[in-house]
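Asks: any chance you could fold what I've pasted below:
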Amino acid sequence: MKTTLILLSLTAALAGCAVASKSQSQTSYDFGPLTPAAVAESSGTNGAVPATAIFPAIVVADVTGPASLDTQRMYYRLLYSDAQQSRPYAFNNWSVTPLQLLTQRMKARFAQAGVKVLNTTDAAGGLPLLRLEADEFSQNFDSATSANASVSLRASVFRNHKLVDQRTFSRRSPAGSADAPGGARALAAASDAIAADILAWMATLPQQ
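Replies: Numbering: from 1, shown residues only. Here you go, the predicted structure:
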């Protein structure tokens, strides 16, 4: 009984998931301004050329993913209590959907690296195409005071409608605080790291 009461108390303190009172306003989060590029994880190759040498221009499709990421609600998981249940914050949400945030950030990071980024609606024929699918985008609590962000994207590069290569990229980033603001910052950091990993991977792909 004591353990149950503690878990209930911690859950309420973490997210405020009770019905929102009319006096408490909603707070929206995004990934924040673009910062210096993150460092990619080792790709297993030395002296790899920049991605711009292989892909001076590329069509980047909007990130796709499950319906849970196509909403502005912010979700989290209590791994120490019930890892199978995704819970919404009551008073915190995203400024746009996570799929839109990921799309905006990936394109911004690629452009920051010098790659000319085009949309599917304005692309010229013959350019390579990058498709990204989000498999995971979540804030996970290991305890009431410790949380991390986990992001996983599957990237596929096509040339002339043929698959060149496909790889899944996953990153975890510790949250500076066990709350919605800490989760937003950690998810942004993990997403930035994946953008760097994708650029490093693209630099290893064949030119033709």
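
Asks: low-confidence regions, this structure specifically.
Replies: With pLDDT under 70 as the threshold, the chain has low-confidence stretches at 1-23, 42-49, 123-124.

Asks: go again with 80.
Replies: Along the chain, the parts satisfying pLDDT under 80 run over 1-24, 38-50, 53, 122-125, 207-208.

Asks: where along it do the helices fall?
Replies: Secondary structure of the chain, counting by DSSP state H: helices at 2-15, 51-54, 98-112, 180-202.

Asks: return the most buried member of those.
Replies: For these, ranked by mean neighbour count under the definition mean count of other C-beta atoms under 10 Å, the leader is helix 180-202 at a mean of 22. From N, CA and C alone the C-beta is placed, and that goes for glycine too.

Asks: which elements pack onto that one?
Replies: strand 27-29, helix 51-54, strand 73-78, strand 82-94, helix 98-112, strand 129-143, strand 146-159, strand 162-174 (3 or more C-beta pairs under 8 Å, 6 or more residues apart in numbering; DSSP states H and E).

Asks: got the angle between that helix and strand 82-94?
Replies: Here the directions of helix 180-202 and strand 82-94 differ by 100 degrees (axes from the mean of the first three to the mean of the last three C-alpha atoms, to 10 degrees).

Asks: next one: helix 180-202 to chain centre, how far?
Replies: Helix 180-202 sits 6 Å away from the centroid of its parent chain (C-alpha atoms, centre = their mean, to the nearest Å).

Asks: between that helix and strand 73-78, what angle do the directions make?
Replies: Here helix 180-202 points in a direction 90 degrees away from that of strand 73-78 (the same axes, to 10 degrees).

Asks: how much does helix 180-202 deviate in direction from strand 162-174?
Replies: Note on geometry: by the same axes, to 10 degrees, helix 180-202 and strand 162-174 are set 150 degrees apart in direction.

Asks: count of residues packed around the closest residue in space to Val164 that isn't next to it in sequence?
Replies: In space, not counting the residues next to it along the chain, Val164 is nearest to Val157; the distance is 4.4 Å by C-beta to C-beta, 6 or more residues apart in numbering. Neighbour count of Val157, defined by other C-beta atoms under 10 Å: 21.

Asks: same check on the one 4 residues further on?
Replies: Around His161 sit 6 other residues, with neighbours defined as other C-beta under 10 Å.

Asks: got it, and Val117?
Replies: Val117: 18 surrounding residues under other C-beta under 10 Å.

Asks: now swap in Arg77 and tell me
Replies: Using other C-beta under 10 Å, Arg77 has 18 neighbouring residues.

Asks: do Ser152 as well
Replies: For Ser152, the count of nearby residues is 18 (other C-beta under 10 Å).

Asks: for it, give the beta-bridge partners.
Replies: Glu136, Ser170 (DSSP bridges).

Asks: that one and Phe31: what is the separation?
Replies: 17 Å (C-beta to C-beta, to the nearest Å).

Asks: and what of Arg159?
Replies: Distance, Arg159 to Phe31, by C-beta to C-beta: 30 Å.

Asks: the more surrounded of these two?
Replies: Ranked by neighbour count (other C-beta under 10 Å), Arg159 and Phe31 place Phe31 first, with 21 against 15.
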